[in-house]
Each structure stands twice: as C-alpha cells, then as structure tokens.
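Chemist: Just a sequence and a predicted model for now, questions to come.
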Amino acid sequence: MQCPKCHAAMHTFNRSGVQIEQCSGCRGIFLDYGELEAITRLEGQQYPPAAPPAAAPPPAAGYQQQPAWGAPQHHHHYGHGHRRSFSRMLFSS
Amino acid sequence: MSEEQRSGQPPQPQPQPPGGLVTALAALAARAPGAAPAEPPGEPVVLAGHPERVVVRNGGAVAKAHAAGTDPAALELRLRVAADPALRGILLPPLGAPVIRPLPGGGRPATLWPYGTPVDPVDPDAAPWAEAGRLLARLHAVPVAPLEGRLGGALPVMRGPARVAEAMARLRACAPGGPRPAAARKAVEDAWAGLPGWCRAEPGTGAAPPSGSGGPPALCHGDFHLGQLLRHPPEHGPWRLIDVDDLGTGEPAWDLARPAAGFAAGFLPPEDWRRLLDAYQEESGTAGRDPWPALDPPARAVTVQLAALSLVRAGEPGGGALDEDDESLIDACVRISRLVSGGSI
C-alpha cells in the first residue's frame, strides 16, 4: 500500500501483537479500524494509569541518561515494562 | 557462540559450515593438549557455524576456525595477550601454547580453547551484566606499554571501527530491493556519513579519537556482547571474556557501545544497561561521571553497524522481513542523521 501523504510504500510491522503500517518515506503510521484501540488497551495493561511516575529511579545528578538520539520511549516509560530483546545482546554481528 | 536468532520467531536455518572444516576442527580439538576428554566419548558438537567463525567442541576442548583473511601475525599477538599473566582472570587463555594451529590443507587459521559455559539465552534476568562491566574495566586497566614490552612489539589496533566499515561494505554490496530498504539504507548511509573518521576506520586513525581529545588508548576487546562471556571451569567457574579476534588498542568506551546502542535504540532495558555501566564505573573509579561524551560516537557507530547488518540479513535469500529490533535500529539511524544535519553533534 502507498502512503496517503507522501505516496512512498508502506511497510508492515508488528507492535505489541498489532499489525501497523509505517511509511518508508515520511515514517508516518497508518492504523486499521480498531488498531488504535487495541494498542491503547495493550499499553494500558503494560503501563497501568495508577503507576506513580516516581517509580523510576532518580537520575544521577548532572549526568545524561541517554544520548540526544535515544529512543523517545525512555522519557515516558522509563522503568516500566519496556521491551527487552535479549538476542541482540548475545550474538555476533 | 551461537547463531543469530530473532526473539519471538522460530530459529532460522543455520548456514552449515563445510563438513571438511568441521571434521578438521574436531580432529584438532580431540588432540588438544591438557583438555578433559569427551565424557562419555561422543560426537563433536558444532557450537557456532557462522561462515566467518566455525567453532567445534570435543570434550573439554574447543577448536575455532577464524575468518578467511585473518592476519595470522596479528592473531598470534592477540593469542599471546590472552595467555599473558596480566590478563589472568580477565580473558580466557588459549589451550596449550598461544599459537595458531594448522589445519590440513592450509587455509584458515585455527586456535584451541578450553570449553566453558556460555550465557543462558533463555534467562535474561541471569545475564552477567555486572560481571561483564567489571571484566571490561579490568581489561581497560591493563598497562599497555609493559604488555607490548613482553610481546616484543606493538599491539594491533582494536577492530571495532573496522567492523563498522565492513558492515557498510556488505550493505553496499547487496542488491538494493524495494522502496523500504532504499529509505532505510539512506538513513544508515546518512548516519554513517556523520560519524567521526576514527569511528569509520579511516586511514591514519587508531580506533580512538585524535590525540588530545580523549584518554590514552587502552587494551580493548573490540566486539563485546554477552556472547563473549563464558564460565570457566564450566557451569560454576567465574566469568571470563573470550574471542580475541578484534582485540587491540583503542578507545575503551567502544566496548560499552553495543549495549549502549541497544539501550538508546530502546530494546535493552535501562536496568540492564545500568547494571553494566554502574559495575564498569565502580571498577574503573569513574562512578558518577557522565559516560556519554566518550560513549556517544562509538554507540552511534555500532548502531550504524547493527542497522546495516539488519538490512543485509533482510536482503539475503530467506532472510525474512525486518523485525521490531531492526526497525528500532533504523529509527535510531534516522534520529542520528537528523542530529548530524541539524548540527547538534
């Protein structure tokens, strides 16, 4: 399928068990009917709204937690049920 | 020591090493000096069948065929480093004399090692991140000049940056396929273009920032990841670093770059990253110091390397689609290239 915005090809990948189309050009995301709800529901299970934000360990004084190009989810989900992909840390490249 | 596997996917068929090479390595391991024999005597086991590195176990001995094109003189120096008393308790020493073992018919150089127990791939909570941090800090603290004195020559340069350049060469040698790979390739190329010359193994660079901008070059592993740790003696022995193929002098932060890249891409949990970093900093006396000024260029370089290899794999016959990790590495390359073009780095 083609991106409705920039007309580049859309590429399918899987996020939390939901198929998502992402544009190879502008990296915009297309969701089918019900997929946004499915993701919201899954994220709600993963990050319950009652979890206090103070659960994350406090950052060490005056020291960057991650580089400027780090994945944005660290800022929102730090310390909560993030993804773990062990195999990429184990095997030779 | 195992092949690449994708999380949550059935293991991919492994490329089989040539049977003659496996037989030759098995025979070499069976004749290893001072190794426990196979108990009970059994078939030799192929521990790694990557075309670049073939590793065969026979009882307490492991024979490894190094990549074709390996510089034998540099490999022998690296073997002698592993056998040096200053590295005791840090690097696993080779079995017997630190020499290259000829294989029948010549060809690839082979070496002999004791068998050890690798990190359990199905138990991430038990991963020895803190032990790894301490071992790397101790490796980086080994005084280089006296070691070179004992070796009778200069240590080779650490091959981390060369591996990034090799990954880019492999990417460029692949046939371009479809618009998605084209956009991803551009992100990887753009991120590569913004790396400092020393991270791209440009001629005249020594795997470290130009003199004056960093500490003195240290003894580095050059390709650290959790597959580079073994317990020796097997099962309950202490953890040791293995695989000297990329070992040499360079910027020590390089050895933390792969976990740092995984953390920055979002698939290594912050707790795991902290366990490694805290133990490293405690052992090296740098606790509380911001690691990112030294770590940022190598972490970007390794992100480029891993993203390039993801695209190479996806383009191979039967390589399959890009998975979530591949995508997160490519996304990290997009963010890196934006910073570079925005002048923030």
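Modeler: Happy to help now that I have it.
Chemist: make it CA atoms for all contacts and neighbour counts henceforth
Modeler: OK.
Chemist: quick one: secondary structure of the residue most central in space within chain B?
Modeler: Centroid-nearest residue in chain B: B:Asp223, 2.4 Å away (criterion: Cα atoms, centre = their mean). Applying DSSP: H, G, I helix; E, B strand; the rest coil to B:Asp223 yields a three-state assignment of coil.
Chemist: That one contacts B:Gly160, correct?
Modeler: Yes - the pair B:Asp223 / B:Gly160 is scored as a contact, 6.1 Å apart, by Cα atoms under 8 Å.
Chemist: tell me, what's touching those two both at once?
Modeler: Both B:Asp223 and B:Gly160 are contacted by B:Asp246, under the criterion Cα atoms under 8 Å, 6 or more residues apart in numbering or on different chains.
Chemist: For the stretch 101-250 of chain B, what lies in contact range of chain A?
Modeler: B:119, B:121, B:124, B:179-180, B:183-184, B:225-228 (Cα under 8 Å from any Cα of the partner chain).
Chemist: Low-confidence regions, chain A specifically.
Modeler: A:13-18, A:23-27, A:39, A:41-64, A:73-83, A:92-93 (pLDDT under 70).
Chemist: Hmm, I typed the wrong one, I wanted the stretch 51-200 of chain B.
Modeler: Applying pLDDT under 70 to the stretch 51-200 of chain B flags residues B:177-180.
Chemist: where do the helices sit along it?
Modeler: For the stretch 51-200 of chain B, the helices defined by DSSP state H, counting those that start in this stretch occupy B:72-83, B:129-140, B:144-151, B:160-173, B:179-193.
Chemist: nearest to B:Pro298, of the ones you listed?
Modeler: The minimum distance between B:Pro298 and these falls on helix B:160-173, with 8.3 Å, by Cα to Cα.
Chemist: tell me how far that closest one is from the chain's mean position?
Modeler: Remark: helix B:160-173 is offset 14 Å from the chain centroid, using Cα atoms, centre = their mean, to the nearest Å.
Chemist: any idea which of the residues of the stretch 101-250 of chain B next to chain A has the most stuff around it?
Modeler: Using other Cα atoms under 10 Å in any protein chain shown as the neighbour test, these are led by B:Leu226, with 26 neighbours.
Chemist: returning to that earlier point: which of the helices of the stretch 51-200 of chain B sits most buried?
Modeler: helix B:129-140 (a mean of 22; mean count of other Cα atoms under 10 Å in any protein chain shown).
Chemist: Quickly list the domain ranges of chain B.
Modeler: Domain assignment of chain B by automatic domain parsing yields the ranges B:1-115, B:116-345.
Chemist: Show the contacting residues for B:Val312.
Modeler: Counting by Cα under 8 Å, 6+ apart, the residues that B:Val312 touches are B:170-171, B:174.
Chemist: now, among these, which is nearest to B:Gly206?
Modeler: For those, the nearest to B:Gly206 is B:Arg170 (22.2 Å; Cα to Cα).
Chemist: Need the three-state assignment for the closest residue to that closest one other than its chain neighbours.
Modeler: Nearest non-adjacent residue to B:Arg170, counting by Cα to Cα, 6 or more residues apart in numbering or on different chains: B:Val312, 6.9 Å away. Look at B:Val312: counting by three-state DSSP, its state is helix.
Chemist: how close does B:Val312 sit to B:Ala27?
Modeler: 34 Å (Cα to Cα, to the nearest Å).
Chemist: Likewise for B:Ala332?
Modeler: As judged by Cα to Cα, B:Ala332 and B:Ala27 stand 45 Å apart.
Chemist: got it, and B:Ala260?
Modeler: 40 Å.
Chemist: and if you look at B:Gln305?
Modeler: To B:Ala27, B:Gln305 is 35 Å away according to Cα to Cα.
Chemist: just B:Ala169 next, same as before
Modeler: For B:Ala169 relative to B:Ala27 (Cα to Cα), the value is 35 Å.
Chemist: same question, B:Thr303
Modeler: For B:Thr303, the distance to B:Ala27 - Cα to Cα - is 39 Å.
Chemist: out of the two, which sits in the busier spot?
Modeler: Set side by side, B:Thr303 and B:Ala27 show more neighbours around B:Thr303, with 31 against 16, by other Cα under 10 Å.
Chemist: Locate the nearest residue to that one once chain neighbours are set aside within the secondary structure: which element?
Modeler: Among residues not flanking B:Thr303 along the chain, B:Ala261 sits closest, at 5.5 Å (Cα to Cα, 6+ apart). In this assignment (DSSP states H and E), B:Ala261 forms part of helix B:257-265.
Chemist: helices or strands up against that helix?
Modeler: In terms of contacts (3 or more Cα pairs under 8 Å, 6 or more residues apart in numbering or on different chains; DSSP states H and E), helix B:257-265 is packed against helix A:87-90, helix B:270-284, helix B:292-315, helix B:324-341.
Chemist: okay, these in a markdown table with distance to B:Gly60 next?
Modeler: Below are the helices and strands packed on helix B:257-265 laid out as a markdown table (distance: least, Cα to Cα, whole Å):
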| stretch | distance to B:Gly60 |
| --- | --- |
| helix A:87-90 | 23 |
| helix B:270-284 | 30 |
| helix B:292-315 | 33 |
| helix B:324-341 | 35 |
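Chemist: Quick one: closest of the ones you listed to B:Leu79.
Modeler: Closest to B:Leu79 of the helices and strands packed on helix B:257-265, according to Cα to Cα: helix A:87-90, at 22.8 Å.
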